[in-house]
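Visitor: below is the structure, and that's it, no one-letter string:
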């Protein structure tokens, strides 16, 4: 049905991997605001805007410009073929690596920013490497990373209030994965590997670095 297809496309866009960093930091503002110390509400929203620009707007505009200038670089913006993903994924990995270094250097007073950006960038790099040999779902890896972040917070803080966000994140993993399967963007194995990769990498990095980036 067309309605279901459109809904799956909307879900895939709203939970796009490059929008998830913005969503993650929005969750941080609400769940662990103490990790950003003395930042005022106004400056927090300025920071969120900067994160949105650096992790979504600028890289996507750059990729779109490259597509317009050279149609041979990316045959299809949907990137259904593994070959179409090579250049965008490599470009995104490099861009996110530079961005992570930038945030680490200029926002060193807020270690959580560097930790989250590092775990996200590491996930992107791993997905990129895998893409050279096999197609894996970046969407599933991204949303599983958000789920892992919430699990780490819950286990470390023992906050009962985090149960509801975790349930929502778990539902989001299932809904987004189902949307990718419905659109025939990935096989079941590609989605499952994406979920496993995203969860394992982000859980491991954030669990190991928790005492560094949280500020009680």
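Guide: Received the coordinates, thanks. In this text the structure is predicted, and so the values were computed from the model without any measurement. Numbers count the residues shown, from 1 in each chain.
Visitor: for the rest of this, base every contact and every neighbour count on C-alpha atoms.
Guide: OK.
Visitor: residue 96 and residue 121 touch, don't they?
Guide: Yes. The criterion here is Cα atoms under 8 Å, and residue 96 meets it with residue 121 at 5.8 Å.
Visitor: could you pull out the helices for the protein?
Guide: Taking DSSP state H, the helices of the chain run over residues 2-14, 20-31, 41-52, 58-69, 82-106, 111-131, 138-157, 163-182, 188-213.
Visitor: what lies in contact with the second one?
Guide: Applying Cα atoms under 8 Å, 6 or more residues apart in numbering, the contact partners of helix 20-31 are 35-36, 44, 48, 51-52, 55, 117, 120, 142-143, 146, 162.
Visitor: could you redo the last one with a cut-off of 7 Å?
Guide: 48, 51, 52, 55, 142, 146 (Cα atoms under 7 Å, 6 or more residues apart in numbering).
Visitor: flag every buried residue along it.
Guide: 20, 21, 22, 23, 24, 25, 27, 28, 29, 31 (16 or more other Cα atoms under 10 Å).
Visitor: low-confidence regions, the protein specifically.
Guide: Along the chain, the model assigns pLDDT under 70 to residues 1, 35, 37, 66-85, 212-216.
Visitor: residue 16 reaches residue 140, doesn't it?
Guide: No. Counting by Cα atoms under 7 Å, residue 140 is not a contact partner of residue 16; they are 9.5 Å apart.
Visitor: higher neighbour count, those two?
Guide: residue 140 (30 against 18; other Cα atoms under 10 Å).
Visitor: so who does that one touch?
Guide: 173, 177, 191, 194, 195.
Visitor: can you rerun that using 10 Å?
Guide: Contacts of residue 140 were listed using Cα atoms under 10 Å, 6 or more residues apart in numbering, and they are 12, 15-17, 172-174, 176-178, 180, 190-199.
Visitor: can you say which of the residues you listed are buried?
Guide: 12, 15-17, 172-173, 176-178, 180, 190-195, 197-199.
Visitor: distance of residue 196 relative to residue 56?
Guide: 24 Å (Cα to Cα, to the nearest Å).
Visitor: what of residue 27?
Guide: On the measure of Cα to Cα, residue 27 and residue 56 end up 17 Å apart.
Visitor: please apply the same query to residue 38.
Guide: In terms of Cα to Cα, residue 38 sits 26 Å off from residue 56.
Visitor: the two: which is more packed in?
Guide: For residue 38 and residue 56, the more surrounded residue by other Cα under 10 Å is residue 56, and the numbers stand at 20 against 10.
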